Every structure is written in C-alpha cells, then in structure tokens.
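Colleague: Below is the sequence, then the predicted model.
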Amino acid sequence: MSIDLASFAKDKGVKYFMISFTDLFGSQRAKLVPAQAIPDMQVEGAGFAGFATWLDMTPAHPDMLAVPDANSVIQLPWKPEVAWVAANCVMEDKLVMQAPRNVLNNVIEDAAKNGLHVKTGVEAEFFLLSPDGEQISDEYDVATKPCYDQQAVMRRYDVIAEICDYMLELGWGPYQNDHEDANGQFEMNWEFDDVLNTADKHSFFKFMTKSVAEKHGFRATFMPKPIEGLTGNGCHAHISVWDESGKTNIFADDSMELGLSEQGHHFLGGIMKHASALAAITNPTVNSYKRINAPRTTSGATWAPNTVTWTGNNRTHMVRVPGPGRFELRLADGAANPYLLQSVIIAAGLDGVRNKADPGKRYDIDMYAEGHKVRGAPKLPLNMLDALRAFDRDKGLKAALGEEFSASYLKMKMQEWHSYVSHFSTWEKENTLDI
C-alpha cells in the first residue's frame, strides 16, 4: 500500500518534498515542492523538460512528469523539514522507457516472472577533497598504505559519524566505516536489501554524502579515478537471488562449489558472458578506464580488475565468491548509475539462468602478479569507446534492458565520447608541439 505523502508531511513536520529522478548519466534532478502541493503532485507528478537533463529528448518534447514513488520517501536527517522521494518518469501517460528507474522496474518484473527475487548490497567508495576538488582535504593523510588508517579516519570523524548516524536513524543497518586504500578515500557499508531499495538508498547515499561533506567545508566525489597514482573509487556489488517469498536464498547450496548453487553458477555465467558489454553501464565514463586499466598505485594494488575472471575469496578478480549463497562483482565504479547498475546485473544474470550459462574456469591465482598466465579469458575494454561498441554488439543484453533505453544510452554516450576526443589537452601540446 502506497504512503500518502500529505499525511507523511503532517505527521513528520515536512514542509517540502524533493521529487527526484536520475537521468542517463547518473545526474540526480529534482524539484522542490511545498507540502501543500504534494497531493496533486503525488498523482500527476512534477513537470520537467527532459532535454534540459541528460535524456535523449529535444526541446519539442512534451513535459516529462516525475511521479513520486511514495514508498521510497526519506526525510532528510540533516534537514528534517525536507523529504526526498524517488520518482518514475512519465510522458503523455506512458512510462519513459529510457529513464533508469523505469528500466530497473522492468527487469525486476522480468526476473519475477522467472521466480527470481534479487537482493544486492553496494560498497560505495568516495574521496573527501577540498571544495575546488584539487586536493585531498586532509593534509596529513599521506601514508603509502593508508587503508584502515586509524588516525586519518578519526580526523574526518565528524563527517563519517554524521553520515553513519543518519543511516542508523533511517534503519539502513550500517555496520562498518573505514578509510580506504587511497589517501582521502572512505567507504561506508550498510545492509543489503531488495534491489530497488538498494538502488534508491545508493542514490540517496550519494546525495547525503555530498551534502554532509559540503556542510563541513569539503567536497565528496565518487569519480572513478579523481587522483592520479591513487586507488580509484569502486562500487562493488554483492548479489544474491531469493525465491518469490524473499526468504530462501536460492544461490545457497552447501553441496556445490564454494556454496554457490547451480542456478547461482548460471547467473554468474551470465555476468561473465556479458562482462565486456556490462562495462558500458558499470564503468560509464572516460575516467572509468583509468581505474580498471590502471598501473600499480602507490599502495601497491589497484583493487580493480582488468580481465574477465572469477574466483573464491580473492580480491584480484572481476568476481569473487566470498561465502556461500552470494558473489561480489568488483567491476563497477563510483560513476555507475545506481539504477542502471542493478538493471544490468539482473539482465545479464537472468540471461545466464535462462540459457544455463557456464561461468568458465575458476582461477585462484593472484591476478596482479600472475594474470599474464591466464589464457582465453577476455580483457575488459580499454576505454569507453570499446565498452560502448561491445554493448552495441550485445543484442541480447540491449533487448533485456529495453531497445529504447539502449538506443538512447548509446546515442548520448557516443556524443560524450566525441566531445572528449575533440578536446585538446595539455598532454598533446607537450608531446606533439615540436614534432
């Protein structure tokens, strides 16, 4: 049963609602709606010009309406008079099929038809930088191996604790926070959930983290590789699939290899089969490929994959199975669209289940030291263009995500690529001026 937002506002003292949607590039868009106007908005939606965002539209398109999903509403813990609510995009009484949250809802329905109920968790890494984004916010955070640095995390206690307190207040079940492997980098973990809830929480977490960082005079970034030579921002996803009741993990089977059921192996097989195309969604920016194809960092490891391989509890591969009944996809980065990330995981995995895909050979080697010994495993795309081309060739994955979405995403991302390659850089002059 849907929440009545007007009653919610009255009960919680909410004065304004942020009706929010996420566009193709992962940018969050919102309108601030006074609580007095929310009854009509809950039914009709807030109006947007789609062309003014990163959606494949023109100025001639009709108004796009963002209709709030009231069950997603979250009162802002740092500004309780405002509530955020995720919305589904509609135009002329039809769902906008390129809109990321609609894409996710469609693949969730597709999985449900096959009796699959997907649950996921994400590990959203971020940096705390100076307001101009030019340097790490903590001048003393200079250790060669800064991961889990006790002093460094305490120097940013006010920011990390405030965000964690809010997650506790919201009932997300946060369970650990740490300084990550790069100077100035942090990770905060909360409990896994139904896939749509995870996507909504992921979106809100990015908004909340940036807001709290700004409040403290810093800038939070989820950019995949914001600082040359340091470990990049990953967004590892932990995936399990449950029965229709949501109570029995159908990935769990103690009699199988690593405790992963036959169906779990097939789902993993779909991820492996579509990995190169997957990267266009999980690693969606030019900068993404400076993370997954990075040279060794100052800490000694990138913690990112560059080859399509899977393993047990070993962090040097694209997928690891850390325990029974689930696996971790380590490909995605901080730029991944929260809704499209979950969509493509389900779409690829569902194809694997339907076609009984084989995930291939399991490797237990250190890929950073011995990856050159692997034969036959595809390399991940070297850049965004290669990833987009791989996605365009993957007709099955495009169909599973929706042809309208896939065409729009490819069109917009190719425009972004062309903008990038037409940009003249300092490097070009430094290396070509005297030729």
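Modeller: That came in fine, so what should we check first? Being a predicted model, the structure only gives us computed values, none of them experimental. Residues are numbered from 1 along each chain as shown.
Colleague: and the residue lying closest to G229 once chain neighbours are set aside, which of the three is it?
Modeller: If the residues on either side of it in the chain are set aside, G229 comes closest to T298, at 5.5 Å by C-beta to C-beta, 6 or more residues apart in numbering. Yep, even glycine has a C-beta here, placed from its N, CA and C like the rest. State at T298, reduced to three classes by DSSP: H, G, I helix; E, B strand; the rest coil: coil.
Colleague: and T298, what does it touch?
Modeller: If a contact means C-beta atoms under 8 Å, 6 or more residues apart in numbering, then T298 has 144, 229-230 as its contacts.
Colleague: residues near Y289, how many?
Modeller: For Y289, the tally of surrounding residues (other C-beta atoms under 10 Å) stands at 23.
Colleague: per-residue pLDDT, the nearest residue to it once chain neighbours are set aside?
Modeller: Of all residues beyond its chain neighbours, the one nearest Y289 is N383 (4.8 Å), with distances taken as C-beta to C-beta, 6+ apart. In this prediction, N383 carries a pLDDT score of 97.
Colleague: before we move on, what about the one 3 residues further on?
Modeller: Model confidence at D386, given as pLDDT, is 98.
Colleague: ditto for P295
Modeller: 79.
Colleague: How about the one 10 residues further on?
Modeller: Among the per-residue scores, P305 holds a pLDDT of 94.
Colleague: quick one: it and K31, what's the gap?
Modeller: The span separating P305 from K31 equals 39 Å under the rule C-beta to C-beta, to the nearest Å.
Colleague: Go through the helix or strand of the chain with the lowest mean pLDDT and flag the buried ones.
Modeller: Least confident helix or strand, the chain: helix 367-370 with a mean of 92, by mean pLDDT, DSSP states H and E. Judged by neighbour count using 16 or more other C-beta atoms under 10 Å, the buried positions of helix 367-370 are M367.
Colleague: related to what we said a few turns ago, look at P305 and K31 and report which has more neighbours.
Modeller: For P305 against K31, the residue with the higher neighbour count under other C-beta under 10 Å is P305, and the figures read 27 against 17.
Colleague: buried stuff in the helix or strand hosting H202?
Modeller: Taking DSSP states H and E as the criterion, H202 maps to helix 195-215. By neighbour count, and taking 16+ other C-beta under 10 Å as the criterion, the buried residues in helix 195-215 are 195-196, 198-210, 212-213.
Colleague: Same question for stretch 234-243.
Modeller: For stretch 234-243, burial by neighbour count (16+ other C-beta under 10 Å) applies to 234-242.
Colleague: ranges for the helices of the stretch 201-350 of the chain?
Modeller: Taking DSSP state H, counting those that start in this stretch, the helices of the stretch 201-350 of the chain run over residues 262-273, 275-282, 289-292, 338-354.
Colleague: before we move on, back to that, got the contact list for the residue nearest to Y289?
Modeller: Residues in contact with N383 (C-beta under 8 Å, 6+ apart) are 286, 289, 293.
Colleague: What of K15?
Modeller: The contact partners of K15, taken as C-beta under 8 Å, 6+ apart, are 9, 34-35, 81-82.
Colleague: let's see 7 Å
Modeller: Remark: with contacts taken as C-beta atoms under 7 Å, 6 or more residues apart in numbering, K15 is in contact with 34-35, 81.
Colleague: Present the residues you listed as CSV; the columns should include pLDDT and neighbour count.
Modeller: As requested, the contacts of K15 are arranged in CSV below (pLDDT from 0 to 100; neighbours: other C-beta atoms under 10 Å):
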residue, pLDDT, neighbour count
P34, 98, 12
A35, 98, 21
E81, 98, 13
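Colleague: Throw those residues into TSV and include secondary structure, thanks.
Modeller: Output for the contacts of K15, formatted as TSV (three-state DSSP):
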residue	secondary structure
P34	strand
A35	helix
E81	coil
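Colleague: what number of residues lie near M1?
Modeller: The number of residues packed around M1, counting by other C-beta under 10 Å, is 5.
Colleague: meant to ask about V107, not that
Modeller: Using other C-beta under 10 Å: V107 sits among 23 other residues.
Colleague: Please report how far the residue nearest to it when sequence neighbours are not counted lies from V122.
Modeller: Once flanking residues are discounted, V107 sits nearest to I346: 4.5 Å by C-beta to C-beta, 6+ apart. In this view, I346 and V122 are 14 Å apart by C-beta to C-beta.
Colleague: do the same with L329
Modeller: 10 Å.
Colleague: three-state assignment of A87?
Modeller: The three-state label given to A87 by three-state DSSP is strand.
Colleague: ok, now D11?
Modeller: Judged by three-state DSSP, the three-state class of D11 is helix.
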